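Engineer: Need coordinates for the below:
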Amino acid sequence: MNAIILCGGLSTRLGDITKSIPKILLQIGDKTVLDWQLEKLKTVGVKEVVLAAGHLASVLEAEVGMERNGLEIIYAIEDKKLGTGGAIKHGLEYVLRPEEPTFILNGDIMYTIDFLDMAKYLKAGSDGIILGAYAPDIASYGTLIYDETFHLHEFKEKMGEHKPGYQNGGLYLFNPQVTKYFPDKDEFSIEYDVFPKMKDLHVYESDRPWVDIGLPERLEWARSNWERFKDQKIKK
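Structural biologist: As a prediction, the model looks like this:
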């Protein structure tokens, strides 16, 4: 099992908070976001993690080093803006087991789902799984449209509809074949340029707490509720 964490964004929404420190190194309770994520990845047997870094990559590398919490750290440093899809494509060049599935995490998201349970739903030969995280208001998120078998039919990026639903949770588990959907260019979006082409992508639906810390108010919520992210036996 491989793992890539996307952590190369500019973090403009957080302003001065991330002027000199990457979002993934922000403290949430007794750990950084990175440490919370590494803890999750260890439960599925991941041995090394690729950090797809860009902005403040030197700060990240100096702080984290080549090993963290018993996991080998590999750096896939972007020398230009690649977008979400391009960052994944670039990161996949650094995984040590390209023939195995790869977890893709966003470096500014705190998850409470059971990664091992999610991995159990990965079907051999399928494109993979995307986390469908419940949100009481999906207006600012990408919405997932899927059927009763959890087969994804459509991804709607930030439609502005104020209603509850399951949105793109920023966590993917891809089989190696997904690379056939990548365009022949460096910069592209996984949401706009790849998801619409995928024929066999499924949704792992979850009502568990989830938060994107990319806005000051969400970061504050995570810091006030950090104990909810402690490892425990949980249901979807």
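
Engineer: Near Pro164, how many other residues are there?
Structural biologist: Pro164 has 10 neighbouring residues, counting by other Cβ atoms under 10 Å. For glycine as for every other residue, the C-beta is placed from the backbone atoms N, C-alpha and C.

Engineer: Distance-wise, check the closest residue in space to it that isn't next to it in sequence relative to His162.
Structural biologist: The shortest distance from Pro164 to any residue other than its chain neighbours is 5.0 Å, reached at Pro136 (Cβ to Cβ, 6 or more residues apart in numbering). Taking Cβ to Cβ, to the nearest Å as the measure, Pro136 and His162 are separated by 10 Å.

Engineer: repeat for Asp108
Structural biologist: According to Cβ to Cβ, Asp108 and His162 sit 23 Å apart.

Engineer: distance of the closest residue in space to Gly15 that isn't next to it in sequence from Lys40?
Structural biologist: Closest residue to Gly15 in three dimensions, ignoring its sequence neighbours and counting by Cβ to Cβ, 6+ apart: Pro216, at 7.5 Å. In this structure, Pro216 and Lys40 are 24 Å apart, going by Cβ to Cβ.

Engineer: Who has more neighbours out of the two?
Structural biologist: Looking at Pro216 and Lys40 with other Cβ under 10 Å, you find the greater number of neighbours at Lys40, namely 23 against 12.

Engineer: what ranges do the strands span in the chain?
Structural biologist: Using DSSP state E, the strands of the chain run over residues 2-7, 27-28, 31-32, 48-53, 67-68, 71-77, 102-106, 109-111, 128-135, 143-146, 152-156, 165-174, 201-206, 210-212.
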